[in-house]
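>>> Quick one: sequence and predicted model below, then my questions.
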Amino acid sequence: MSQTGKITLVSLSVIVLLFVLSTAMAQESTEAEMSDEMEADMSSDTAAEEEVIELEEQVVIGSRARPRSVIDSAVPIDTIRGDDLAKQGVTDLQDMFRNLVPSYNVNTQPISDAGTVVRPANLRGLAPDHTLVLVNNKRRHRAAVIHWLGNGLADGAQGPDLSAIPAIALKQVEILRDGAAAQYGSDAIAGVMNFQLKDSHEGGSFEFKPGIYQYGDGRQYAVAGNIGLGSQETWANLSLEYGGSDPTIRSVQRDDAKALVAAGNDRVRDPAQIWGQPIVEDDLKFFANYGSVLTDNIDFYGHANYASKRVDGGFYFRNPNTRSGVFSTDGGETLLVGNLAGGEYPNIPITNDVPDPDELAKVFADPNLFTFQEMFPGGFTPRFGADAVDSSVLVGIKGNALESMLTSGLGWDLSGYFGRHHADFFIYNTVNASLGPDTPTDFNPGDYIQTDYNLNFDLTYPLSDMLFLASGVEYRNEGFEVVEGQRESYQIGPLAGQGFSAASNGFSGFSQIAAGEWNRANVAAYLESEVRPLKHWLVGLAVRGEDFEDFGQTFNYKVATNIGVTDFLEDANMIANDEMILKLRGSYSTGFRAPTPGQQNTFNVTTEFNFEKDDLVNNGTIPSTNRAAALVGGKALEPETSTNFTSGFTFEVRDINLTIDLFDVRMKDRLALSQDFALSEEQKDELLKAGVTSAANLQEFRFFTNDFDTTTQGIDVVLTVPVPNGDVTAVYNRTETTVTDHNPETLDDLRIKELEENLPRQRGSLTVTQSITSQWSVLGRSSYYGDWYDSEDDETYTGKVLFDLESSYMASAGLVITIGVQNLLNTYPDENPKSGNIGNQYGQFSPFGFNGAFWYAKFGYTF
């Protein structure tokens, strides 16, 4: 970190603290009477309705002032209660959000390398790492997984793993749909998700949730429990979930596999390549929330989590005649033969998908000759996955000071956090072809480890009911480690010189040279205030400065406002109806996202299907500062920057609530993976020197780049209407992204189309809840997904409407039995017209999946 940066931030911190103290000392010692507006902010709704997105819930996100209702907030916020999450048949938290929040998108990711382990999710059409995640108002660490294959929009992103959080642990989730980097720091461009943990010291619940797809596969189950312990002074709330899911198969036989079978090869599997959800085993999730009253003015608090799972997904089929570097070197005209004694041996001609049988028999009979058809006569399909472990711990103390000197006392909060995510990769049913017959078929390519250390000190002071101040400082240290893999996973074997590819085929291991650990520290200081120039006019202001030790300083600000229109009119005696509420709100902010140490330093080699070449290609991702990247425009990464403008209103009359918000997010220097570049011999040599042993087999490479700008615009609409014994909630989102500037040498037209069209521009849902009797209730939901483009198939798919239905019956005190179905009509995406290429019957990036109807039951007991 630069010395100038240290001085700047220290000075800012001192100024902030002196300003708070001096202003507070000038206040009168008598406490001003709270206004009707503040009383409304602090009131709690004891008769909670059943809305999915509830406007009267008290929220803490978006401001460090007192909790207030969503309708009084200056920025758009969705609140999702724990009860709403419980009314979902799925067990993964990300799928629950997809059903409840139209601006939130996540899909299955069937063959996406590490993206199968931690699925990328998008808020407001931006990348997964453009959304900041908090737990109990504290920043949570990101996952170790970098999404090398992210369907364009998520390519290269490194976001958090929300699947590590058990739904039963949550009291509510607050989703801030607005830029907030000036308040919370890096990543808060699309918005902020704040997970509020249950904090009761008594009672608890238990649930068992089994389910299966109507197709007859993909069985899922989850057993979960929550319990509160202790007393009001010292307490803990513990949550545990354990489950798993079987795979699904939505494949058709590939055309090349059909041709092999027709030519007499009876060793080809049907289907040769599996498209569907992965296997998830031993999915354990634990969360603890705890606290204690130390003195009259000091509280201890904290939370911790541990989660682990094994995810096992599919890869692409390796054709026994054509797979380059394993079975052939010329696209299937001849079968590659290795001479274990050295020297050359002519390859075997292939005619009509059949290698010359006489020549093949000679090779099989000669102990010095070898072809991989001896091991895999029907070809092979690798399986890839990881053992993922997620853990964290936060401890803090908070309280009030100087109460004898200041009007309301000075609130302070000191906390420390450590988070860690570890992905231990595996790949099996594959080969290191350069090792010939001595190759293992099961490899450990290595590990990714992400660590975050956060230290925060925050001050809050309500000077009066008209002015609130907050300030704080933060220290963060973010680390990324690549652990060396099994030697055979990256080794260059003796047959490499004869055309056989080196390293584990499909996902190359991390060599000793490529392995390493990288850390980056940064410090930050912020000042936030809320002012009421008039009784019914709220203005929020925030500024934040940060200094990163690698790329320097950032400075961001935010202005937000909420105007009570009907309150002003009522005070002016222009209206007399106090049942109607109309409030205008809006905000403007600047933001940023810092490139992660993993994005700056990691090498990765993977295999993907290239539709232009109609074949698998080995594709390498290299640091942007590597000489091979520098030759085609690579350079040191810089922060992404953004401006975010939101405007809208909230309207309420006779418990009918309507909110409409327009948003405009403009990003510059966006970070993503470049287009693919052909690899020259000189560049291969550079990569080999850098420890990328599989570079000899690479056809293409890419790197991270800051070379494009985008504008994302849209509208969010939320309407809730009470009906007798229930309610109706309608939610609509429209989001459009446009690439406004780019470097055509690093970003091609396909990548631009992915960014602009891979997600549906329109999403909506209509949810109805109804209590039929005091014991029986039902929920119905329709969800609309607009058209989307699938770059893997180069097809645009038409939108669909899905229907969900759930019925719950209270069998006895505390015992509730639920039966439900998601996607009641068993709706699938349109079939892929190019399914014969790689066997995917449906577009693999369908926004609602491609597995059909899912039936589930739930047995819950509350005590």
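Yep, it's here. This one's a predicted model, so the numbers in the text were calculated from it and none came from an experiment.

>>> my guess is residue 493 meets residue 440, correct?
No. Residue 493 lies out of contact with residue 440 (CB atoms under 8 Å); the separation is 11.2 Å. (Glycine included, C-beta is placed from N, CA and C.)

>>> Common neighbours of the two, please.
residue 432 (CB atoms under 8 Å, 6 or more residues apart in numbering).

>>> So if I had to pick from those two, which one is more boxed in?
residue 493 (19 against 15; other CB atoms under 10 Å).

>>> measure the more buried one to residue 318 for me?
17 Å (CB to CB, to the nearest Å).

>>> Check residue 516 too.
Per CB to CB, residue 516 is found 31 Å from residue 318.

>>> More neighbours: which of these two?
Counted by other CB under 10 Å, residue 516 and residue 318 do not tie: residue 318 has more neighbours, with 28 against 16.

>>> Please report the distance of that one from residue 324.
Distance, residue 318 to residue 324, using CB to CB: 10 Å.

>>> Hmm, residue 447 and residue 486 touching each other?
No. The pair residue 486 and residue 447 fails to qualify as a contact (CB under 8 Å) at a distance of 11.0 Å.

>>> How about residue 763: what's its closest non-neighbour residue?
Leaving out its chain neighbours, the residue that sits closest to residue 763 by CB to CB, 6 or more residues apart in numbering is residue 102, at 3.6 Å.

>>> Ok, residue 665 next?
Using CB to CB, 6+ apart, the nearest residue to residue 665 is residue 712, at 4.4 Å.

>>> How many neighbouring residues does the closest residue to residue 345 other than its chain neighbours have?
In space, and not counting its chain neighbours, residue 345 is closest to residue 339: 4.5 Å by CB to CB, 6+ apart. Using other CB under 10 Å, residue 339 has 16 neighbouring residues.

>>> which regions of the stretch 551-700 of the chain sit below the pLDDT cut-off?
Confidence mapping of the stretch 551-700 of the chain against pLDDT under 70 gives the ranges 577-578, 607-618, 690-698.

>>> That one: strands as residue ranges?
Counting by DSSP state E, counting those that start in this stretch, one finds strands in the stretch 551-700 of the chain at the ranges 552-564, 580-593, 604-610, 615-622, 640-653, 656-673, 677-678, 700-723.

>>> Out of the ones you listed, which gets nearest to residue 797?
strand 604-610 (18.2 Å; CB to CB).

>>> what are the bridge partners for the residue nearest to residue 665, then?
Here residue 712 sits in beta bridges with residue 665, residue 737, as judged by DSSP bridges.

>>> Residue 304 - how many residues pack around it?
Residue 304 has 15 neighbours, counted by other CB under 10 Å.

>>> Pairing partners for it in the sheet, please.
Note on residue 304: beta-bridge partners residue 288, residue 393, judged by DSSP bridges.

>>> pretty sure it contacts residue 390?
No. With contact defined as CB under 8 Å, residue 304 does not reach residue 390; the gap is 11.4 Å.

>>> which intervals of the stretch 1-150 of the chain have sub-threshold pLDDT?
Those would be 1-57, 67, 150, if you go by pLDDT under 70 across the stretch 1-150 of the chain.

>>> Would you state the strands of the stretch 151-300 of the chain in chain order?
Under DSSP E, counting those that start in this stretch, the stretch 151-300 of the chain gives strands at 170-176, 191-197, 204-213, 220-230, 234-245, 279-293, 298-314.

>>> Including mean pLDDT and distance to residue 410, could those go into JSON lines?
Compiled in JSON lines, the strands of the stretch 151-300 of the chain are given as follows (pLDDT from 0 to 100; distance: least, CB to CB, whole Å):
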{"stretch": "strand 170-176", "mean pLDDT": "95", "distance to residue 410": "26"}
{"stretch": "strand 191-197", "mean pLDDT": "96", "distance to residue 410": "24"}
{"stretch": "strand 204-213", "mean pLDDT": "97", "distance to residue 410": "37"}
{"stretch": "strand 220-230", "mean pLDDT": "97", "distance to residue 410": "29"}
{"stretch": "strand 234-245", "mean pLDDT": "98", "distance to residue 410": "25"}
{"stretch": "strand 279-293", "mean pLDDT": "97", "distance to residue 410": "19"}
{"stretch": "strand 298-314", "mean pLDDT": "97", "distance to residue 410": "13"}
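
>>> Which among the ones you listed is found nearest to residue 555?
So among the strands of the stretch 151-300 of the chain, strand 191-197 is nearest, using CB to CB, at 19.5 Å.
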